[in-house]
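[1] build me a model from this:
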Amino acid sequence: MVDMGKSRRALRIFVLFVLFSVGPIFCVEVAVETGKNHTFKSSASGKIETILWKFSKNKVVEFEGGDPMWYRFESRADLDTKTGDLTLKQLSKEDNGHYQSEIQVDGKLQYSDHVIKVMDPVTEPTVTCKKSDEGEGFVLLCSRSSQIPGNVTWSGPNGFNRSGPTITISQLGPNILYFCTVTNEVSSKSTQFDLQKCVEGGGLSGGSIAVIVIVCLIAVGGAVLFVLYRKFRQNTEHQSVPSK
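    Numbering: from 1, shown residues only. Presented below is the predicted three-dimensional model:
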């Protein structure tokens, strides 16, 4: 039988030995906006003796005193040899992945792991309004770019708050504002929508527009008839005058 007490003590001794030998290990995972810069913090403390940064297990830059030796990213990267921090500029999706540092301080290696996800910022959403299929109220639809992931939320009067691309509004009126917001891990964009826009023709309902169109047609028809009547009267009067 294995002595469980001895096994636990041996495991603790092994863990302490590893920590004492290599120093602290930490991992950071972040999202970064496309085109932005990002600094990988090493958090090394003490006088740095050597630095090695890797990307996907391949060397990026190495420092052993003197000038750093670059293996990639040299044209758009900086290495702070005093702190061990690595800065990458103008990030693209090709930079997604796992970065590691190995920094020697006072004869001990300190490791750090970093995972970054480079993402495009969301675009400004658009809001459209249509009559509800159920016949009551209006449906607001918030549209965003299908190529850029993001969450859609709504906010409005009296603490209104909903998630999802559509909401149904039962009451319209001027100066009633709703806000559609699209967010992802690196950005947020909002669009303001006045419910008065749901009413076509600048505040007129569909029935009101129809009435106005009919009235306009009647007015135009009346004007045409009046002009024709005047011409008819003039022709009649001209024909009734006796010739000399």
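
[2] could you list which residues are in contact with residue 76?
    88-90 (CB atoms under 8 Å, 6 or more residues apart in numbering). The way it works is simple: take the backbone N, C-alpha and C, and place the C-beta from them, glycine included.

[3] dump those into a markdown table; add neighbour count, secondary structure and distance to residue 142 as well.
    As requested, those are arranged in a markdown table below (neighbours: other CB atoms under 10 Å; DSSP: H, G, I helix; E, B strand; the rest coil; distance: CB to CB, whole Å):
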| residue | neighbour count | secondary structure | distance to residue 142 |
| --- | --- | --- | --- |
| 88 | 22 | strand | 34 |
| 89 | 14 | coil | 34 |
| 90 | 11 | coil | 31 |
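
[4] ok, so of those, who is nearest residue 56?
    Residue 56 lies nearest to residue 88 out of those, by CB to CB, at 13.6 Å.

[5] any idea which helix or strand carries residue 60?
    Assigned by DSSP states H and E, residue 60 belongs to strand 58-63.

[6] what comes up buried for that strand?
    For strand 58-63, the neighbour count (16 or more other CB atoms under 10 Å) marks 60-63 as buried.

[7] got phi/psi on residue 104?
    phi -90, psi 120 (degrees, to the nearest 10).

[8] ignore the last one, residue 93
    phi -60, psi -20.

[9] and the buried residues of strand 58-63, which is closest to residue 174?
    residue 60 (58.7 Å).

[10] distance of the most centrally placed residue in the chain from residue 37?
    With distances taken as CA atoms, centre = their mean, the residue of the chain nearest its centroid is residue 122 (2.6 Å). Counting by CB to CB, to the nearest Å, the separation of residue 122 from residue 37 is 20 Å.

[11] direction included, what does the longest strand seen in the chain pair up with?
    Using DSSP state E to define each element, the chain has its longest strand at strand 108-119. Strand pairing for strand 108-119, using DSSP bridges, gives strand 25-33 (parallel), strand 97-105 (antiparallel).

[12] and that strand, how far out from the chain's middle?
    Relative to its chain's centre, strand 108-119 lies at 25 Å (CA atoms, centre = their mean, to the nearest Å).

[13] could you list the buried residues of that strand?
    Buried residues in strand 108-119 (16+ other CB under 10 Å): 109-112, 114, 116, 118-119.

[14] now stretch 50-70
    51-55, 60-63, 68, 70.

[15] what's the domain layout of the chain?
    Domains of the chain are assigned by automatic domain parsing as 7-119, 126-198, 204-238.

[16] any chance of the ones you listed in TSV, plus mean pLDDT?
    Below are these laid out as TSV (pLDDT from 0 to 100):
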stretch	mean pLDDT
domain 7-119	85
domain 126-198	90
domain 204-238	54
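
[17] quick one: the helices in this structure, in order.
    4-22, 200-203, 206-240 (DSSP state H).
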